[in-house]
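*Asks:* have a look at this prediction, sequence included:
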Number of protein chains: 2
Amino acid sequence: MIVWISGAKGFIGQHLARYLVARGDTVLGLGHGLWPEASVETGLAYWLNGEVSGSNLNSLRIARGLPDLVVHLAGGSSVGVAMANPREDFLRTVATTAELLEWLRQEAPRTRLVAVSSAAVHGTGHAGRIAESAPTRPLSPYGYHKLMMEQLCRSYASSYGLPCLVLRLFSVYGPGLRKQLLWDLCQRLQGKPASIELSGTGGELRDWTHVQDVLRAIEVTSELASPEMPVFNVGSGRATSVREVAQTVIAAFGEAGVRSELSFNGQVRAGDPFSLVADPSRLQALGFECHVSSQQGIADYVHDFLAPAHVGRSG
Amino acid sequence: MIVWISGAKGFIGQHLARYLVARGDTVLGLGHGLWPEASVETGLAYWLNGEVSGSNLNSLRIARGLPDLVVHLAGGSSVGVAMANPREDFLRTVATTAELLEWLRQEAPRTRLVAVSSAAVHGTGHAGRIAESAPTRPLSPYGYHKLMMEQLCRSYASSYGLPCLVLRLFSVYGPGLRKQLLWDLCQRLQGKPASIELSGTGGELRDWTHVQDVLRAIEVTSELASPEMPVFNVGSGRATSVREVAQTVIAAFGEAGVRSELSFNGQVRAGDPFSLVADPSRLQALGFECHVSSQQGIADYVHDFLAPAHVGRSG
C-alpha cells in the first residue's frame, strides 16, 4: 500500500520508512531538510523537503496517487526547545496538523491517519500506570500542543468522518536518536569525565520504549483508524528511573574502560513530569507486547554509540 | 486604563468598546473591516483593520503604549460557518490566539488577557446547569477551536506566568446582533408569513445572556486574570427553550399585527448540543447576577428590530 510519512527525516520517521519499505509498502516522505540520499538510506519512493501544506500534499499525490495511510510524525520533538520557542512548536505541531486534516477532508477523506502524539499530554500528577482515559494535564507548551493536535484530529474525525487514530508514545529511544538523556550521557561520557551530574533527583520514572516496538505498535494499530478515533498509550508499562538508565549507560561505558561517578543536582527541569509510565492494557488487548527491555535496549544503544561506525552516521 | 479589543468590530466588540469608553478607558480596536466611523460610533481611540499579528500589535503599541488589558474577542463566531469551513475557523480562533499570546509573552507579559470563549466547549451530554469543571466535549469544530484557544492560554499562563482569564459565554444576544435565531426569526417574520418552521424540536435549551450582562461580567472578572487562569461560565443559569424564544418573538411581532403559526421540523442541526445552560455559582460568588431576563431582553430585541431607525443601522 501507499504510505505517507510526515516528518520522515526525523528519528522515528527514518526507522518507520525502512520498516514499511521492508514489508513492501510504497513510502513517500515529507518534511524539512535536504536529503538526497533518502532513497538509498530508507527506500523512500519520494522525499519532499518542505512544509506540511496543501500544495506539498498535492505534490505527493501527483507523484504516486492518494495514500492509504498517513503517519503524521511532523511536529515539535523537544520539551526544552518548545519551552524556549513556543510559537515555533505551535506552528510545527498544531498548524501542520490543521493543514493536513483540511487537505484530507477535501482530497482524501478515506485515507487513514495515524497521528503520533506523546505521553506529555498526560503531564503531571500521575502515580503508576497511565491509561488513555487518564486526565490530560500537560506541563509544557510541548504537551499542550500535542494535546491540541489530538483535539484537532478528533474534531475532524467526529465532524467529517475522517478515519483517525492517536498513538501517545512514551520515551522513545533507539539507534540514531541524537538528543535527550541517552545521547547527552553518551556524549559526555565520551570525554571520560571523573564524575557526571544530571538534573533532577534520579528518581524520575519513564517508560522507555524502543523504536522497534513503536514501529510494531504503529503496524498493529493503524488498521483501527476510524471516526471514533481510538487512542493508544504506547509503552511497556515498566517504569525505569533516570538513575537506573544512567547506571546502565555508565556500566556499558565501563566495559569500554570509562569510569565515572554519578550524581544528581536535585533541580527539576521546567516542563518535566515526575512519572510517565503507560498502562499498556489497551495495546495488550490487541495481542501486542513490547519486546525490547530497557536494560537491553539501552545497553545496545551505548554499544552502537561506541562502535567504530558511529562517527558520521546520520541521526 | 488602556484596553485593546481584538474583534472590536463584531457584535460584542462594539458594545464593549462603548461600555469601556463610557467608563473612561482609552480603547483601541483590532480586527477585520473598513470602519472609518469607528471613533464616532464607539469612541475607539484607534481602529486597525487587520489580522491579529505581531506587527499589528506593535502598531497599536506605537499608537498609545502598552495595554493594561486585552479583551480577545477575535475568532470564529458561528457553529454553522465553522462546520462549512473549519480551516478558516481554526485560523480565526486558534492561530490568532497563538499570535497574540506570543506577542504578549515577548512584549507585554504583565498585560492582563481576557480570552472570550464559548459554552460550545462543554458541548454535548449535559443535563442541567454546567459548571466550569464539567467535561469539555465539543460537538463541532467551532467548539473544538474555542477549547484549543483556552488550552493555548493555559499553556502560556502556566509556563510563562501571563495573567489570563477565560470567559465562556452562553448564547449572547442583544441589539445589533444580526445572525442566529433571533435575527433569523425577525427577518422571516418581517415577511408576514402565515406559518414559520424551525429546525430541531423546539425543546432545545439555552441560557440566553444579554450582551449588557456580558459587559458587566467582563468588568467584574477582568481584574482576576492570573497565571492560574480562572475560568467563568457566563450565563444566568436559567434555561429557555427554543420554542419559548420563538413564541416570545412571535408575540412581539403580534403586537405589530403579524400572525404566524410556529412549527418544528424535528431535525437536529449538526454541531448543536441539546442543552447549554450555565451554572452561575462561580460568578455569583463575586456578587454578580445577570440583570436582563430573556423574556424582557428578547421582547426588547424585537421592538428594536421593528423600530423605524432599524433600517440601515450597522450590525
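*Replies:* Yep, it's here.
*Asks:* extract the CA atoms of stretch A:126-141 and return them as CSV.
*Replies:* Output in CSV follows, covering the C-alpha atoms of stretch A:126-141 (Å, rounded to 0.1, in the frame of the first residue of the first chain):
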residue,chain,number,x,y,z
HIS,A,126,0.1,10.6,37.7
ALA,A,127,1.2,7.8,40.1
GLY,A,128,1.6,4.5,38.4
ARG,A,129,0.5,3.4,35.0
ILE,A,130,-1.4,5.9,32.9
ALA,A,131,-4.4,4.7,31.0
GLU,A,132,-5.6,6.5,27.8
SER,A,133,-8.6,7.8,29.8
ALA,A,134,-6.5,9.4,32.5
PRO,A,135,-6.6,13.2,32.8
THR,A,136,-4.6,15.3,30.4
ARG,A,137,-2.7,17.9,32.4
PRO,A,138,0.2,19.0,30.2
LEU,A,139,3.1,20.6,32.0
SER,A,140,4.7,22.3,29.0
PRO,A,141,3.9,24.0,25.7
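*Asks:* minimum distance to chain B, which residue of the stretch 151-300 of chain A gives it?
*Replies:* Chain B sits closest to A:Ser155 of the stretch 151-300 of chain A, with a gap of 3.7 Å, by Cβ to the nearest Cβ. The way it works is simple: take the backbone N, C-alpha and C, and place the C-beta from them, glycine included.
*Asks:* name the nearest residue to that residue, sequence neighbours excluded.
*Replies:* Using Cβ to Cβ, 6 or more residues apart in numbering or on different chains and skipping the chain neighbours, the partner closest in space to A:Ser155 is B:Tyr144 (3.7 Å).
*Asks:* check A:Val121 too.
*Replies:* A:Leu147 (4.3 Å).
*Asks:* please apply the same query to A:Val242.
*Replies:* For A:Val242, the spatially nearest residue (Cβ to Cβ, 6+ apart) is A:Glu204, at 4.7 Å.
*Asks:* about what we covered before: may I have the secondary structure class of the residue nearest to A:Ser155?
*Replies:* Secondary structure state of B:Tyr144, per DSSP: H, G, I helix; E, B strand; the rest coil, is helix.
*Asks:* and it, how many residues sit next to it?
*Replies:* B:Tyr144: 31 surrounding residues under other Cβ atoms under 10 Å in any protein chain shown.
*Asks:* now do the contacts for it.
*Replies:* B:Tyr144 makes contact with A:151-152, A:154-155, B:138, according to Cβ atoms under 8 Å, 6 or more residues apart in numbering or on different chains.
*Asks:* again, but for A:Gly7
*Replies:* Applying Cβ under 8 Å, 6+ apart to A:Gly7 gives the contacts A:13, A:30-31, A:72-75.
*Asks:* between those residues, which is nearest chain B?
*Replies:* A:Gly75 (14.5 Å).
*Asks:* what's the burial count for the residue nearest to the closest one when sequence neighbours are not counted?
*Replies:* In space, not counting the residues next to it along the chain, A:Gly75 is nearest to A:Thr93; the distance is 3.8 Å by Cβ to Cβ, 6+ apart. Residue neighbour count, defined by other Cβ under 10 Å, stands at 26 for A:Thr93.
*Asks:* tell me how far A:Thr93 lies from A:Ser117.
*Replies:* From A:Thr93 across to A:Ser117, the span is 9 Å (Cβ to Cβ, to the nearest Å).
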